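Engineer: Give me coordinates for this.
(one chain, ligands or ions: 3)
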Amino acid sequence: MQTVSDLAGILQVAIPSPLPQTFDYLPPVGDAVDHLVPGMRVRVPFGRSQKIGVVVALASASAVDPARLKPISAILDDDAIVPSEIQSLAQWASRYYHYSLGEVLAATLPTLLRQGDEAKVSGEKVWSLNAAGMAVDPERLKRAPRQLALLQLLQQRGKPLNAGALDVQFGNWRGIMRNLVDKGWIELAEQTTLIVPVAETSCAPELNSAQQAACDAIHNALGGFESLLLDGVTGSGKTEVYFSAVEQVLRAGQQALILVPEIGLTPQLLKRFQARFAVPIALLHSGLNDKARMNSWLQAKAGAAPIIIGTRSAVFTPMKNLGIILIDEEHDLSFKQQEGFRYHARDVAIRRAQQAGIPIVLGSATPSLESLHNARQGRFQHLLLPERAGNAAPPRIRLLDVCQQKLTEGFSLMMLQAIQQHLDKGQQVLLFLNRRGYAPTLICHDCGWLANCQRCDAHMILHKARHLLRCHHCDSQRRIDSQCPDCGSVDLRPLGQGTERAAEALVELFPNNEIIRIDRDSTRRKGELQAVLKQVEGGKGQILLGTQMLAKGHHLPNVTLVGILDADQGLFGLDFRSSERMGQLIIQVAGRAGRGESRGEVLIQTHHPQHPLLNGIITHDYGRFASDLLAERSQAMLPPFRYIAVLRAEASSREMPNEFLSAARDMGFQRPNTQGAHCPAELLGPIPAAMEKRAGRYRAQLLIQADNRAQLHNFLRHWLPQLSQLPQAKKVRWSIDVDAMELS
Ligand code: ADP
Ligand code: ZN
Ligand code: ZN
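Structural biologist: Ligands and ions are numbered 1, 2, ... in the order given. Okay, here's the model as predicted:
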């Protein structure tokens, strides 16, 4: 390994800043430097402040005048905190997404390490009963009812509790706890946050032949790089295939990295992993506090956690001995970061698997067109699970034409009858409406005024229970107007229907049934969704009503009817991906029906029963639906047949983004490429964003397209560095989004 002492001693440091280059520093004054290696964090003077960067290389000379180089202020690690494989992954991502290496490296670190904390696994305080505490006679605490209550809480829970749990379950507990500790009944300990295995482990069902074939293919792929697309209808038992793959990897003494869209939304998957594997599982997601995240990260790095389950950014977690990467619901948009470092975790993961020489499995019932295309081109191995596992049959899907039908608060008579029938049989009904709040907006019945957001080109959403109008784009809110600001009328009415309103209607329509609303408003607090899902587990005669949160892979065996209240919302989207999204969403929601013993039914209300898109979806073959979409994309020369990037700009005036983007486009047209020919990339625009004004800023974009990746990147590499020199660049905030997933 190179160390500074072998060389003249220049450290190249990547620092989180918009500037793309690394910065040269001298070793710290008077410090022994022969242990310095790339991957260590250092604190450095930067401008007028101090920043934390990562050493990326040691060099013998610098382009900067040595007299102007400054020494670094401190070395923060004893060893490379960013191991070499993550360094090279970050280098690749920085080049591919055209984003500063310092920012990319910072994004690979948990917050506390980014802020300069010591890289050390630290415990969290937990309180637990000891033997004496368990045996306390309640009589002894007759005159101290709070102490008794706290003691009994710990007795009931039967496990150590941390401060967070005590805050929720008891409140104001610290003084009382101290009394109990003083009495010698309670012990205070430190616990690291690795998930402790649960005792009751479930055993594997016998795999069906499709599952077995998929498992065999994955087992054969172990030990080398290969991408496998696990394309299995909802309920086909993809999770069992994951289990089998993980089992093999653990047996070989290696680690498995599992990426999921959002752990908070899929608590069941985690529970199933815990039940199957009696090994520590490290979690990495935004619901954890910073300390817990750092612990998980360090334990993954040290190899102490054989299984790591995490969301998007977990793709950068260092692992001592990684054997496989699994991505569940690979089509999910949350794998793409939509701001700052705009990477796609699936694509980074594929690159990582390739670098590490291990297989990667992408699982979904509705694979992205990109992945399907790759499978059809033979770049991915295509594993199909065409049928539901066990005894469950596929649901029956029907369109309900609501044209000219009387709707009661958005429900057609046919829908209401079907709901009643399923409830009468003691089954559960799931209703899907992808709009939270009471109504999409407020309208003046006298003059037609609409409650719009002043900072966005959007309506304010009516939240009746909270007496608010709220913009879902910029979060601004105000009290519900009592009078029309235009004509003074007091006849202001909700327009359209959100989940809050539908729930209110259902309470009236089905007074004897429990109505459970599941959306971001009703599950805001931590643990609330888990609590609701628990209430639903094994429940009877309930109506679950919710947004796309309900589409996320939940296993709800008693749901036999799924009703989609408004399929028209997604039919006419502006983005070229809206049809794909819409199809995925409907199929995922429909997939919640009939996963248990009884056959499921899916009813879709629409004003456009002839729409080819809807008919494509209900033929119930995602593969064919996707083929049609792929044919359209191919004709329209859109991804995955071409490669795109979007240059976005925003400013406080409408003209400035447009001027910047026009200048950028002109510069792109002029620039001859290395062969002397004109640029091989096509530039389209600028055009205003679909929502031009958001949070008080005007937005526009320029689309860059090319026939292959190399052309696109070649162009961007030469073009982007020049953009900051444009005089217009100083007046806007601009960014580049490679492989943009949304063109809005
Ligand atoms: P997916 O993730 O593909 O939607 P799951 O893995 O959740 O499907 O499986 C759906 C249900 O089928 C689960 O209850 C699971 O336990 C069950 N299951 C999976 N494989 C089998 C099998 N081979 N035999 C019987 N039941 C199975
Ligand atoms: Zn009015
Ligand atoms: Zn707004």
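Engineer: Just the element for the residue nearest to A217 when sequence neighbours are not counted, please.
Structural biologist: Nearest residue to A217, sequence neighbours excluded (C-beta to C-beta, 6 or more residues apart in numbering): L383, at 5.7 Å. In this view, the C-beta of every residue, glycine as well, is placed from N, C-alpha and C. Secondary structure assignment for L383, by DSSP states H and E: strand 381-385.
Engineer: Show me what that strand packs onto, helices and strands only.
Structural biologist: Packing partners of strand 381-385 (3 or more C-beta pairs under 8 Å, 6 or more residues apart in numbering; DSSP states H and E): helix 209-221, strand 226-232, helix 238-251, helix 369-376.
Engineer: what does the helix or strand of the chain with the lowest mean pLDDT contact?
Structural biologist: When each helix and strand of the chain is scored by mean pLDDT, DSSP states H and E, helix 163-169 comes last, with a mean of 76. Where contact means C-beta atoms under 8 Å, 6 or more residues apart in numbering, the residues beyond helix 163-169 that reach it are E124, K125, W127, L153, L161, W173, M177, G527.
Engineer: and the longest strand belonging to the chain, is it in reach of ligand 3?
Structural biologist: Assignment by DSSP state E gives strand 682-694 as the longest strand of the chain. No. Strand 682-694 stays clear of ligand 3 (C-beta under 5 Å from the ion), getting no nearer than 6.8 Å.
Engineer: what residues does that strand touch?
Structural biologist: 455-458, 473-474, 574-575, 648-650, 654, 657-658, 661-662, 665, 668-669, 698-706, 743-744.
Engineer: That one pairs with which strands?
Structural biologist: strand 697-706 (antiparallel) (DSSP bridges).
Engineer: Please list the residues of the chain that sit near ligand 3.
Structural biologist: Contact residues, the chain versus ligand 3 (C-beta under 5 Å from the ion): C453, R455, C456, C471, H473, C474.
Engineer: From the residues you listed, pick the one nearest ligand 2.
Structural biologist: C453 (17.8 Å; C-beta to the ion).
Engineer: In contact with the closest one, which residues?
Structural biologist: By C-beta under 8 Å, 6+ apart, the contact list for C453 reads H459, M460, C471, H473, C474, S476.
Engineer: try P367
Structural biologist: With C-beta under 8 Å, 6+ apart, P367 has these contacts: L229, D231, E330, H331, A375, Y622, A626.
Engineer: cool, K336 as well?
Structural biologist: R342, Y343, H344, A345, D739, M741.
Engineer: Which of those residues fall within helices?
Structural biologist: Secondary structure defined by DSSP state H assigns A345 of the contacts of K336 to helices.
Engineer: Which positions within stretch 148-165 qualify as buried?
Structural biologist: Across stretch 148-165, burial judged by 16 or more other C-beta atoms under 10 Å covers L148, L150, L151, L154, P160, L161, A165.
Engineer: Tell me which residues are up against the helix or strand in which the second one is found.
Structural biologist: To tie it back to what came earlier, the one meant is L150. Secondary-structure element containing L150, defined by DSSP H and E: helix 145-157. Contacts to helix 145-157, defined as C-beta under 8 Å, 6+ apart, come from residues 127-129, 133-134, 136, 138, 141-142, 161, 169-170, 173, 176-177, 179-180, 185-186.
Engineer: One more pass at 6 Å, please.
Structural biologist: L129, P138, L141, F170, I176, N179, L180 (C-beta atoms under 6 Å, 6 or more residues apart in numbering).
Engineer: Low-confidence regions, the protein specifically.
Structural biologist: Scanning the chain with the threshold set as pLDDT under 70 gives 1-8, 31-33, 192-202, 264-266, 553, 620, 671-679.
Engineer: Show me which residues of it sit near ligand 1.
Structural biologist: Within the chain, the positions adjacent to ligand 1 are 205-208, 211, 232, 234-240, 389-390, 555 by C-beta under 6 Å from any ligand atom.
Engineer: hmm, which of those are the buried ones?
Structural biologist: For the residues of the chain next to ligand 1, a burial check counting by 16+ other C-beta under 10 Å picks out 207-208, 211, 232, 234-240, 389, 555.
Engineer: So which of these is the closest to A365?
Structural biologist: T234 (4.4 Å; C-beta to C-beta).
Engineer: roughly how far apart are that closest one and R624?
Structural biologist: The gap separating T234 from R624 is 16 Å, by C-beta to C-beta, to the nearest Å.
Engineer: before we move on, back to that, from the contacts of P367, list the buried ones, please.
Structural biologist: For those, a burial check counting by 16+ other C-beta under 10 Å picks out L229, D231, E330, H331, A375, Y622, A626.
Engineer: would you list those residues in TSV and tack on distance to T606?
Structural biologist: Putting the buried ones among the contacts of P367 into TSV (distance: C-beta to C-beta, whole Å) gives the following:
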residue	distance to T606
L229	30
D231	27
E330	28
H331	23
A375	31
Y622	19
A626	21
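Engineer: Let's have the contacts of helix 145-157 in CSV, adding neighbour count and secondary structure.
Structural biologist: Shown next, in CSV, are these (neighbours: other C-beta atoms under 10 Å; DSSP: H, G, I helix; E, B strand; the rest coil):
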residue, neighbour count, secondary structure
L129, 21, strand
P138, 10, helix
L141, 20, helix
F170, 17, coil
I176, 18, helix
N179, 15, helix
L180, 22, helix
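Engineer: Make TSV from these and add distance to ligand 2 to it.
Structural biologist: Formatted as TSV, the contacts of helix 145-157 follow (distance: C-beta to the ion, whole Å):
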residue	distance to ligand 2
L129	64
P138	66
L141	65
F170	51
I176	57
N179	63
L180	63
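Engineer: which of the residues you listed are the two that sit furthest away from each other?
Structural biologist: It's P138 and F170 that sit farthest apart of the contacts of helix 145-157, by C-beta to C-beta, at 17.2 Å.
Engineer: Which residues of this protein lie near ligand 2?
Structural biologist: Proximity of the chain to ligand 2, by C-beta under 5 Å from the ion, involves residues C444, D446, C447, W449, C484, D486, C487, S489.
Engineer: so which of these is the most crowded?
Structural biologist: With neighbours defined as other C-beta atoms under 10 Å, the most crowded of these is C444; it has 22 neighbours.
Engineer: which SS class is the residue nearest to that residue when sequence neighbours are not counted?
Structural biologist: Once flanking residues are discounted, C444 sits nearest to C484: 3.9 Å by C-beta to C-beta, 6+ apart. Following DSSP: H, G, I helix; E, B strand; the rest coil, C484 is assigned to coil.
Engineer: Tell me how far C484 lies from P267.
Structural biologist: 45 Å.
Engineer: One more: P27?
Structural biologist: 48 Å.
Engineer: still on that earlier bit, keep only those of the contacts of C453 that are in strands.
Structural biologist: Assigned to strands by DSSP E, none of the contacts of C453 qualify.
Engineer: so N513 sits right up against L544, yeah?
Structural biologist: No. Judged on C-beta atoms under 6 Å, N513 makes no contact with L544 at a distance of 10.7 Å.
Engineer: how close does the nearest residue to P485 once chain neighbours are set aside sit to R455?
Structural biologist: In space, and not counting its chain neighbours, P485 is closest to W449: 6.9 Å by C-beta to C-beta, 6+ apart. Applying C-beta to C-beta, one obtains 18 Å for the distance of W449 from R455.
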